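Chemist: Give me coordinates for this.
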Amino acid sequence: MKDGQQLDGIDDDVQYLLEKKRFLDFWVKPSRETLDEHPDAAGLFHDYDAIKTELDSATADLMRAYSRLSNLRRHFSKGELRPFDSMGAPISTATTCTAKACAELEIAKARLMHEHPPKTRELELQRTAVRIAYARLHIRDPRGVRAAAKQMLLRAGIVQPSERSLTAWISEERANDSLD
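Modeler: Residues are numbered from 1 along each chain as shown. I've put the predicted structure just below:
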């Protein structure tokens, strides 16, 4: 099979990668730009970047409030604000609640990063290109698989993986193929 014949179906495969990218953009790491073209954009809205920014902003605001409340609490505990002793207990409670709120926001940010890691979609799309090049295009030569996968990724505008990753994924595909 010649290179021209091998790459005949590459346009369909590039289209598949682009559709998969849109799907992953919408469900894995959505943002306002990825929702503009999506058919469900009117019914659903979740903007990953905006949520992350809001969590960061809220955490920063709470940390400032915690710092101020901690200073007041320290003054009350040292007895420097004796005329206002009746406010000491509520200030202490507010300081504790602010610290708990900061901790909860950090947990929320950790969950956001865990459930929607920043580069997951690129990695999955890169692996998919290797699988398509190996299986659908019937290329068994590792160099041919590498070239076809890179060509698909280039046409789809997806970041190129490292040579080491490509080699590992091609080896996995060859091992899986030999098991069948």
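
Chemist: and the helix or strand containing residue 16, which residues are buried?
Modeler: Here residue 16 sits within helix 10-27, counting by DSSP states H and E. When neighbours are counted by 16 or more other C-beta atoms under 10 Å, the buried residues of helix 10-27 are found to be 10, 13-14, 16-17, 20-21, 24-26. Using the backbone N, CA and C atoms, a C-beta is placed for each residue, glycine as well.

Chemist: Give me the helices and strands touching it, please.
Modeler: Helices and strands in packing contact with helix 10-27 are listed as helix 32-36, helix 120-135, helix 142-156; criterion 3 or more C-beta pairs under 8 Å, 6 or more residues apart in numbering; DSSP states H and E.

Chemist: just to revisit the earlier point, include distance to residue 64 and pLDDT when you put the buried residues of helix 10-27 into a markdown table, please.
Modeler: Compiled in a markdown table, the buried residues of helix 10-27 are given as follows (distance: C-beta to C-beta, whole Å; pLDDT from 0 to 100):
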| residue | distance to residue 64 | pLDDT |
| --- | --- | --- |
| 10 | 54 | 81 |
| 13 | 51 | 84 |
| 14 | 49 | 84 |
| 16 | 48 | 84 |
| 17 | 45 | 85 |
| 20 | 43 | 84 |
| 21 | 39 | 81 |
| 24 | 36 | 73 |
| 25 | 34 | 69 |
| 26 | 35 | 67 |
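
Chemist: For residue 167, find the nearest of the helices and strands packed on helix 10-27.
Modeler: Taking C-beta to C-beta, helix 142-156 is the member of the helices and strands packed on helix 10-27 nearest to residue 167, at 7.6 Å.
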